[in-house]
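A.B. asks: Mind folding the following:
(3 chains)
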Amino acid sequence: MIVRFGFVAMSVLLENASPSRTMTFTNFAKLLDREAAVRKLERIAEDNLHNTLRIMKHAIAHDIRMYRLSSKLIPLATHDALADWNPFEALGPSFKALGAFVQKKGMRVSFHPDHFCVFSTPRPEVLASSERDLNYHIAMLEAMELPATVKCNIHIGGAYGDKPTSKARFVEQFGALPLRLKERVTLENDDKTFTVRETLEAAEEVAVPMVLDIHHHAVNDGGDGSMEELCTHLWPRIVRTWREEEIRLGLAEDELPPKIHASSPKSQSDPRGHADYVEAEPLVQFLRQIAGSTPRLDCMLEAKSKDAALLKLMDDLKAMEAQGQNIRVIDEGSVEIWS
DNA sequence: ACCTGTCAAGTCTGG
DNA sequence: CCAGACTTGACAGGT
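C.D. replies: Presented below is the predicted three-dimensional model:
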């Protein structure tokens, strides 16, 4: 199995390269010249896009071909008070350049809209802003001219005291979205509410691929905690959600490999928190279990030390290779691993 | 240069 | 029913 690794949003190795500079609405509202204030938002967004390109070039220089784009590329993009503003007019060329770079280098990128995107909500106004937020992310992918293989990863949402009903509401409300939005989504199990099994059921019902987060699973397994259950029963179904997406999009087999998230617990007292680095040993144990049935896999690292955590993990994997542990480091961003 | 409180958005918990 | 937690990078305003 070939595994590619990626990191999230910012680099801790590049200086002054934030892709998430912002302006709060409070400060926007303080500016008297609205026209100038909007231009300032656009300038910040241009900076964020420019830094995103720098980060991706840095990633490619280290053979890293997987990257999660920041959700904060355009400040206040979906704010009510800026509904008349179309940032894509000014930002079109920069988005297009980003997309061209991604395609040229064969990178896999994604977005992860944060916890305001909640399709299980019983509140109509929250549903509406969730759709607007998802639409914003997808409009950025479209401005980059990236195909439908490039996704936004979301969670199911809250349980509101009744998980089965909330899950059914997710299926109904998400299912009612236009295909243009639905076909750009993956569903991920979360660390508090919806387990792998529940998320998988929802993903199967609405026909979107599922992203497995193994750390979330470790802290929220709903009784499916055993490696056996995960690897022999749930994982093959997860793989199938990706295979079916390949068929829907008319792709060849393994053109769109399954994706997982990996991170390590921050501490015993805060097991849900993300540690600075990712521990190699438990991750490799899991990867070896699924290696036989999964030819390609992409693994997003969610660690506080971002790209530095990725490079450190690769060093640790290299050390495991030296000990003859069924692993071969291909380059700085990928490994081959077998059971 | 560094520290602290605040920030557009949601949900859950505990008082 | 409301305040605070959750989580998290970055800004603004202070020293």
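
A.B. asks: Next, count neighbours for the nearest residue to A:Ile156 once chain neighbours are set aside.
C.D. replies: Distances taken as C-beta to C-beta, 6 or more residues apart in numbering place A:Phe194 nearest to A:Ile156, at 4.5 Å, with adjacent residues excluded. (Each C-beta comes from the backbone N, C-alpha and C, glycine too.) Using other C-beta atoms under 10 Å, A:Phe194 has 28 other residues around it.

A.B. asks: per-residue confidence averaged over stretch A:271-280?
C.D. replies: For stretch A:271-280, the mean per-residue pLDDT is 91.

A.B. asks: hmm, back to that, can you tell me the element the residue nearest to A:Ile156 falls in?
C.D. replies: Under the criterion DSSP states H and E, no helix or strand holds A:Phe194.

A.B. asks: That one: what's it in contact with?
C.D. replies: Shown in contact with A:Phe194 (C-beta atoms under 8 Å, 6 or more residues apart in numbering): A:His155, A:Ile156, A:Ala159, A:Lys163, A:Lys167, A:Ala202.

A.B. asks: How much space separates it from DNA strand C?
C.D. replies: 16 Å (C-beta to the nearest atom of the strand, to the nearest Å).

A.B. asks: tell me the phi and psi of the residue lying closest to A:Ser305 once chain neighbours are set aside?
C.D. replies: Closest residue in space to A:Ser305, ignoring its immediate chain neighbours: A:Asp276 at 4.6 Å, by C-beta to C-beta, 6+ apart. Dihedral angles of A:Asp276 (phi, psi; degrees, to the nearest 10) stand at phi -60, psi -40.

A.B. asks: Now the residue of the stretch 201-339 of chain A at minimum distance from DNA strand B: phi and psi?
C.D. replies: In the stretch 201-339 of chain A, the residue that lies nearest DNA strand B is A:Asn220 (12.0 Å; C-beta to the nearest atom of the strand). The phi and psi values for A:Asn220, taken as degrees, to the nearest 10, are phi -150, psi 80.

A.B. asks: mind listing what it touches?
C.D. replies: A:Asn189, A:Asp190, A:Asp191, A:Lys192, A:Thr193, A:Thr195.

A.B. asks: Ok, A:Met66 next?
C.D. replies: A:Arg4, A:Phe5, A:Gly6, A:Phe7, A:Met107, A:Arg108, A:Val109, A:Asp298, A:Cys299, A:Met300, A:Gly333.

A.B. asks: for A:Ile290, same thing?
C.D. replies: A:Ile290 makes contact with A:Met1, A:Cys231, A:Trp235, A:Leu297, according to C-beta under 8 Å, 6+ apart.

A.B. asks: Please, where are all the helices along the stretch 51-200 of chain A?
C.D. replies: For the stretch 51-200 of chain A, the helices defined by DSSP state H, counting those that start in this stretch occupy A:87-105, A:124-143, A:163-175, A:179-182, A:196-206.

A.B. asks: Tell me which of those sits most buried.
C.D. replies: Neighbour counts (mean count of other C-beta atoms under 10 Å) averaged over each of the helices of the stretch 51-200 of chain A peak at helix A:196-206, with a mean of 21.

A.B. asks: For burial, what's the neighbour tally of the residue nearest to A:Ser305?
C.D. replies: Neighbours of A:Asp276 using other C-beta under 10 Å come to 14.

A.B. asks: before we move on, back to that, could you export the contacts of A:Met66 as TSV, including pLDDT, neighbour count and distance to A:Arg39?
C.D. replies: Converted to TSV, those look like this (pLDDT from 0 to 100; neighbours: other C-beta atoms under 10 Å; distance: C-beta to C-beta, whole Å):
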residue	pLDDT	neighbour count	distance to A:Arg39
A:Arg4	98	22	39
A:Phe5	98	27	38
A:Gly6	97	24	33
A:Phe7	96	26	32
A:Met107	98	19	31
A:Arg108	98	19	34
A:Val109	97	22	28
A:Asp298	98	20	38
A:Cys299	98	25	40
A:Met300	97	24	35
A:Gly333	97	21	38
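
A.B. asks: can you list those in TSV and add distance to A:Ser267 and secondary structure?
C.D. replies: Shown next, in TSV, are those (distance: C-beta to C-beta, whole Å; DSSP: H, G, I helix; E, B strand; the rest coil):
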residue	distance to A:Ser267	secondary structure
A:Arg4	29	strand
A:Phe5	24	strand
A:Gly6	25	strand
A:Phe7	22	strand
A:Met107	33	coil
A:Arg108	31	strand
A:Val109	31	strand
A:Asp298	28	strand
A:Cys299	23	strand
A:Met300	22	strand
A:Gly333	28	coil
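
A.B. asks: for DNA strand C, what are the nearby residues on chain A?
C.D. replies: For chain A, the residues in contact with DNA strand C (C-beta under 7 Å from any atom of the strand) are A:9-10, A:18-24, A:27, A:270, A:272-274, A:304.

A.B. asks: re the thing from before, put together CSV for the helices of the stretch 51-200 of chain A, with distance to A:Arg43 and mean pLDDT on each row.
C.D. replies: Output for the helices of the stretch 51-200 of chain A, formatted as CSV (distance: least, C-beta to C-beta, whole Å; pLDDT from 0 to 100):
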stretch, distance to A:Arg43, mean pLDDT
helix A:87-105, 9, 97
helix A:124-143, 17, 95
helix A:163-175, 35, 96
helix A:179-182, 29, 97
helix A:196-206, 39, 97
